[in-house]
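Undergrad: Got a sequence here, can you model it:
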Amino acid sequence: MSQVSDHGGNLDAARRRFPAAPGPWIDLSTGINPWPYPLPALAPELWHRLPGEAAIEALAAAAARYYGAPGPEHVATAPGSQALIQMLPRLRPPGRVCVEEPTYAEHALAWTAAGHRAGPFSPSPLPDVTVLVNPNNPDGRRTTAGAVREMARRGGRRGGWLVVDEAFADVAPEISAAAHAGTPGLIVLRSFGKFFGLAGLRLGFALAEPALAARLREAFGPWPVSGPALEIARAAFEDEGWISSTRRRLAEAAARLDALLVARGLTVLGGTSLYRLAGHDAAQEMFARLGAAGILVRRFEIEPAWLRFGLPPDEAAWRRLDEALR
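TA: I've put the predicted structure just below:
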């Protein structure tokens, strides 16, 4: 299967592979916003008390408003979208699962580990579960919200699921299917950490019809995430000024990155404003040269001519990337 089988952010492995690389390392291997949401001041009791129901409900309401879900009863909060990816296969009997590819490999791995038969995307015959990453990782391929809703209707009529991983949809809200989360069988997964730049918070959401959202809430128990995470995410979701300015900033940085890559002989193949996929016949040599310069990017076993670049966090990182690609 043509899956993205490795993960970004593994600086420990990069340091072992390139022990002579100069520091500090520049990690461009993830699609995480390099300019994170500024952490608000937190009350001390958030650190030594269990999260209360009111705080959990307040975050669900804020998430529903931000993502455009019909209401908080459609929201299930989890310790990261990866946790949801691994939980969902346990909520269905084994069946046939079709996964759009090339894409994030953890979907197929999780369904297979739970006893399902996961394979390449195939619209006919209709599978028990279809998984769609939108926008897709790593190429940024997009499916409209209307098309997603129609796919969900076809599968939902016979008890099937359409799982839509919208981990990077914060930068493309127009394609989100969150507003259709009441459609039977439609499950929309959202990642908090990528757009808000706080991946270490480990926070994700599933948007679904109320009965299915309730099953997921029950599966994760009474305290799915920490009290500080609840407060930080609620504040971030309600900060409309930061959200709109960050979308503009990311789009401008992505355009700048495209120009740099093209100037250094790469072909931009797609992506989102959080990461860019580029191609070059000597991509493997470029990966090694960048690593030797202390810059980590994503490479792909499925396509040796591909490299994926995240956004440099500051001017020094931009200069180092440009010099390493010369």
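Undergrad: my guess is Gly310 contacts Ser273, does it?
TA: No. Using C-beta atoms under 8 Å, Gly310 is not in contact with Ser273; the gap is 10.8 Å. All C-beta atoms are positioned from the backbone trio N, CA, C, and that covers glycine.
Undergrad: Not counting sequence-adjacent ones, nearest residue to Gly310?
TA: Take Gly310 and drop its neighbours on the chain: the residue closest to it by C-beta to C-beta, 6 or more residues apart in numbering is Leu28, 4.1 Å away.
Undergrad: could you pull out the strands for the stretch 51-200 of the chain?
TA: Taking DSSP state E, counting those that start in this stretch to define them, one finds strands in the stretch 51-200 of the chain at 75-78, 96-99, 103-104, 117-120, 129-133, 161-165, 186-191.
Undergrad: what about Pro24, how many neighbours?
TA: By other C-beta atoms under 10 Å, 9 other residues sit near Pro24.
Undergrad: Can you classify it by secondary structure?
TA: With DSSP: H, G, I helix; E, B strand; the rest coil as the basis, the three-state label of Pro24 is coil.
Undergrad: Just to check, it is in contact with Ala293?
TA: No. In terms of C-beta under 8 Å, Pro24 does not count as a neighbour of Ala293; the distance is 12.0 Å.
Undergrad: Quick check, pLDDT for the residue nearest to Gly310.
TA: In this prediction, Leu28 carries a pLDDT score of 98.
Undergrad: Neighbours of it, how many?
TA: 25.
Undergrad: can you check the one 5 residues further on too?
TA: Summarising burial for Asn33: neighbours were counted as other C-beta under 10 Å, giving 25.
Undergrad: got it, and Leu186?
TA: Summarising burial for Leu186: neighbours were counted as other C-beta under 10 Å, giving 25.
Undergrad: Show the pLDDT at it.
TA: According to the prediction, Leu186 has pLDDT 97.
Undergrad: same check, this time on Asn10
TA: Asn10 is assigned 88 on the pLDDT scale.
Undergrad: now the protein, which segments are flagged as low pLDDT?
TA: Low-confidence segments of the chain (pLDDT under 70): 1-7, 121-124.
Undergrad: And it, what are its domain boundaries?
TA: Taking automatic domain parsing as the reference, the chain has its domains at 3-36+241-325, 45-238.
Undergrad: if you skip the residues just before and after it, what's nearest to Ala61?
TA: Nearest non-adjacent residue to Ala61, counting by C-beta to C-beta, 6+ apart: Pro72, 4.4 Å away.
Undergrad: Which stretches in the chain count as helices?
TA: Along the chain, counting by DSSP state H, helices occupy 11-17, 45-48, 53-67, 81-87, 106-113, 145-156, 193-196, 210-220, 227-237, 240-263, 283-292, 315-325.
Undergrad: Those: which one's closest to Ala305?
TA: Between Ala305 and the helices of the chain, the tightest spacing by C-beta to C-beta is seen for helix 283-292, at 5.0 Å.
Undergrad: how about the closest one as CSV, C-alpha atoms only?
TA: Included here for helix 283-292 are C-alpha records, laid out as CSV according to Å, rounded to 0.1, in the frame of the first residue of the first chain:
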residue,chain,number,x,y,z
ALA,A,283,15.7,14.3,-3.5
GLN,A,284,17.5,11.6,-1.5
GLU,A,285,20.8,13.4,-1.9
MET,A,286,19.1,16.7,-0.9
PHE,A,287,17.7,15.0,2.2
ALA,A,288,21.2,13.9,3.2
ARG,A,289,22.7,17.3,2.5
LEU,A,290,20.0,19.0,4.5
GLY,A,291,20.5,16.6,7.4
ALA,A,292,24.3,17.2,7.4
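Undergrad: distance of Asp165 from Leu274?
TA: In this view, Asp165 and Leu274 are 14 Å apart by C-beta to C-beta, to the nearest Å.
Undergrad: Right, I'll leave it there.
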